[in-house]
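In: missing the sequence, but the structure's below:
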């Protein structure tokens, strides 16, 4: 199977946040932001594998600042690591005040997806080709996170 570059997986979702997505304080629900992250990360995984891909895990997601009604939210996702059947995606969220142009980084998270074949079974994904030093560094860190996830899973089973 031919490898694919990080850039071949990139996805950008942009959505205006309205009152139906917010609480009484005018802050967008964290669950709404998580949903957008999962959609963007999932689409990056699908683009990379060209296979249906399902969420396996989400590393912790910290919210650095709130997203408000009227903000334009941008969610950028890309594959940062690929194993035999699974892929990690890095998801970065920003919120833009469209009146002032101020852009705020609200959170970054890592999602892991597994690619499925036509029978719903895990299937191989392409190797990840890192073209820049930044991509190589992210891939190395992702491999460390994956090793930690596998160790955690091993401990939970024992």
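Out: Perfect, thanks for sending it. Model, not experiment: these values are computed from the prediction.

In: if I look at residue 52, how far off is residue 111?
Out: Distance from residue 52 to residue 111, counting by Cβ to Cβ, to the nearest Å: 15 Å. Bear in mind the C-beta positions are built from the backbone N, C-alpha and C, glycine included.

In: okay, those two: which has more neighbours?
Out: Neighbours were tallied for residue 52 and for residue 111 using other Cβ atoms under 10 Å; the higher tally belongs to residue 111 (25 against 16).

In: bridging residues for the more buried one?
Out: Beta-bridge partners recorded for residue 111 (DSSP bridges): residue 58, residue 89.

In: now the helices for the chain?
Out: Along the chain, counting by DSSP state H, helices occupy 30-49, 133-157.

In: So for residue 89, which of these sits nearest?
Out: Comparison of the helices of the chain against residue 89 by Cβ to Cβ identifies helix 30-49 as nearest, at 3.9 Å.

In: excluding its backbone neighbours, what's nearest residue 81?
Out: Closest residue to residue 81 apart from its sequence neighbours, by Cβ to Cβ, 6 or more residues apart in numbering: residue 142 at 3.3 Å.

In: can you count the residues close to the one you found?
Out: Neighbouring residues of residue 142 were enumerated by other Cβ under 10 Å; the total is 22.

In: Output the below-cut-off pLDDT ranges for the protein.
Out: Within the chain, no stretch falls below the threshold (pLDDT under 70).

In: Cross-check the contact I'm expecting between the residue nearest to residue 81 and residue 86.
Out: No. In this structure, residue 142 is not within contact of residue 86 by Cβ atoms under 8 Å, at 10.8 Å.
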